[in-house]
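Colleague: Below are the sequence and a predicted model for it; my questions follow.
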Amino acid sequence: MGTPMANVAYLRVSTADQNTARQLSESGISFEKTFTDKCSGGTTNRPALEQMKEYVREGDTIHIHSIDRLARNLDDLSSLVNEWNDAGVTVQFHKESLTFAAGDSSPMSKLMLQMLGAVAQFELAMIQERRREGIAKAKAEGRYKGGTANLEKHQRIRQLRSEGVSLRKVATEVGVSLSTVQRVLASAEAAQ
């Protein structure tokens, strides 16, 4: 007798301050394991997603609140869902009421995935455009100052990294996101 199927949850919020409680809370499903990322959906650095990829096995079902929680890029979405389906793993998006079952290679299923992924990508582009327009308007009215860099934290990031501390430990130590650490280090390298 093989390993029983597992219901696995993937949750993602954009910032550490946001709460994942609303995602999948009304599904009524008991999850064997939950993986949570606290980062932007646009980033490729999602540690919990990578851990989940290693964890899931044939026959498992991955439950995700909505497509935009997994990916906002059409290629990334297609790649992830197809990779899991090819490995015998089913992916279920609750908000959209869509299930992409392992072994289902029907043209309609592929079309739905492509269409919804494109809509999610379009929504992200619209949000970014509205943000840019809002910033431009605020600048024109003299109300936008922009974010100010915390130079002490930047210096501490560079110092810890020069001491050989891992990127994740630097982020934890300084109290910033991993993407902030990467951005600070990249700008330091570009300035040299």
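Modeller: Here it is on my side, so go on.
Colleague: Now do the domain split for the protein, please.
Modeller: Structural domains assigned to the chain are 7-116, 151-191, following automatic domain parsing.
Colleague: For residue 138, which of these is the nearest?
Modeller: Of all the domains of the chain, domain 7-116 sits nearest to residue 138, with 21.1 Å by C-beta to C-beta. All C-beta atoms are positioned from the backbone trio N, CA, C, and that covers glycine.
Colleague: What's the end-to-end length of that closest one?
Modeller: End-to-end distance of domain 7-116 (C-alpha to C-alpha, to the nearest Å): 23 Å.
Colleague: Spit out the contact partners of residue 185.
Modeller: Applying C-beta atoms under 8 Å, 6 or more residues apart in numbering, we find residue 185 in contact with 157-158, 161, 167.
Colleague: Let me know the closest of the residues you listed to residue 105.
Modeller: residue 167 (38.5 Å).
Colleague: ranges for the helices of this protein?
Modeller: For the chain, the helices defined by DSSP state H occupy 47-55, 67-70, 74-86, 107-140, 151-162, 167-174, 178-191.
Colleague: Can you give me the buried ones in the longest one?
Modeller: Okay, so that is helix 107-140. 109, 113, 116-117, 120-121, 124 (16 or more other C-beta atoms under 10 Å).
Colleague: contact partners of stretch 33-41?
Modeller: With C-beta under 8 Å, 6+ apart as the test, stretch 33-41 has contacts from 6, 8-16, 18, 20, 45-49, 51-52, 55, 68-72, 124, 177-179.
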